[in-house]
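1. Mind looking at a prediction? Sequence and model below.
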Amino acid sequence: MKSLQHLDLYGNAFGGGFSSCFGKISNLKSLQVSFCSLHVQLSQIMKYLSCMTDSLEYLNLERNYIGSSLPDVLANFSSLRELRLGFNELNGSIPRAVGKLPRLALLDLSSNEIVGSIPDLLPLSSLRELDLSHNQLSGLTESMDAFPNLRSYTSILTISSDWIPPFQLDIIRLTHCKLGPHFPNWLRDQNNIFVLDLSAAGILGNIPSSQRMIYLEPKNALLGAKDALLGAKDALLGAKNVEEN
């Protein structure tokens, strides 16, 4: 199957390991093996995919039981644009090898057991979506300032209240971030937000009225949340009426 370029195996019950037959598909551009009950080490998977280092652009291994740390051989997959490894059992820290993927536009490592701080991701100038939520990460690298194309950012990192981001986001999800106790000042300058998730962020006090759509859970003790949400509802209804007229 050397001519095969796109392979989707979503939702099968393979179990066990990862087949070595993938090592014979050298021209594959996209591979999805999510929701497949895989019990295997990521390092072994990447070994089997080593023949695709120049061709593979999309790799989705979400929602399996894939373990081990992120291997350094990831740096060899220079064509990768999307890497989805969320909801697995990955551990260890994020290696610097991840920062050596110049075409990477989406990186999802959510809901694993990854620890430590983020390494220098400065070379990832094409990155648009980054999801590191529900891990055990402890710091925000200054190299985050180097992503002018970043449109969606999700994490559980501790973020300084006086941080000034260099980008304007449409979607911000900061669930379980340590943002409190005050509403973060840097969010006030985000003018393009239409979805803002600050659930379980430990915030106290008032919500600035300028935020248009906010998803909040009871773990935030924000005064005026009801008024802010009602205002967002009125704004949406008003926009709908304008469109209808």
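-> Everything's here; your move. Numbers count the residues shown, from 1 in each chain.

2. since we're on the nearest residue to residue 96 once chain neighbours are set aside, how many residues are nearby?
-> In this structure, residue 96 finds its nearest non-sequential neighbour in residue 119, 4.5 Å apart by C-beta to C-beta, 6 or more residues apart in numbering. Where C-beta positions appear, they are placed from N, C-alpha and C, glycine not excepted. Residues near residue 119, counting by other C-beta atoms under 10 Å, number 15.

3. Renumber starting at 177 from here on
-> Yes, from this point I'll number from 177; that puts the last item at residue 295.

4. Quick check: residue 295 touching residue 268?
-> No. Under the criterion of C-beta atoms under 8 Å, residue 295 makes no contact with residue 268, lying 12.0 Å away.

5. Now do the contacts for the residue nearest to residue 272.
-> Applying C-beta atoms under 8 Å, 6 or more residues apart in numbering to residue 295 gives the contacts 269-272, 274-275, 317.

6. what's the distance between it and residue 275?
-> Plainly put, residue 295 is 6 Å away from residue 275 if you go by C-beta to C-beta, to the nearest Å.

7. What of residue 284?
-> From residue 284 to residue 275 the distance is 16 Å (C-beta to C-beta).

8. can you check residue 215 too?
-> To residue 275, residue 215 is 29 Å away according to C-beta to C-beta.

9. More neighbours: which of these two?
-> Neighbours per residue (other C-beta under 10 Å) separate residue 215 from residue 275, with residue 275 holding more: 21 against 14.

10. sec struct for the more buried one, please.
-> helix (DSSP: H, G, I helix; E, B strand; the rest coil).

11. List phi and psi for residue 377.
-> The phi/psi pair for residue 377 (degrees, to the nearest 10) reads phi -100, psi 0.

12. Nearest spatial neighbour of residue 208, chain-adjacent residues omitted?
-> Residue 208's closest residue in space is residue 236 (C-beta to C-beta, 6+ apart), at 4.2 Å.

13. Would you confirm that that neighbour contacts residue 211?
-> No. The criterion here is C-beta under 8 Å, and residue 236 misses it with residue 211 at 9.8 Å.

14. Report the set of residues contacting both of the two.
-> Joint contacts of residue 236 and residue 211 (C-beta under 8 Å, 6+ apart) are residue 186.

15. tell me the average confidence for stretch 227-239?
-> Stretch 227-239 carries an average pLDDT of 96.

16. Other residues contacting it?
-> 181, 186, 199-211, 214, 218, 221, 225, 252-264, 279, 284.

17. Report the buried residues of that stretch.
-> By neighbour count with 16 or more other C-beta atoms under 10 Å, stretch 227-239 contains the buried residues 227-229, 232-239.

18. Now, these that are in strands?
-> Counted as lying in strands by DSSP state E, out of the buried residues of stretch 227-239, are 234-236.

19. Kindly reformat those residues as CSV containing distance to residue 247.
-> CSV is the format used below for those (distance: C-beta to C-beta, whole Å):
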residue, distance to residue 247
234, 18
235, 13
236, 17
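
20. with the residues you listed in mind, which one is nearest to residue 190?
-> Here the nearest of these to residue 190, counting by C-beta to C-beta, is residue 236; it sits at 14.4 Å.
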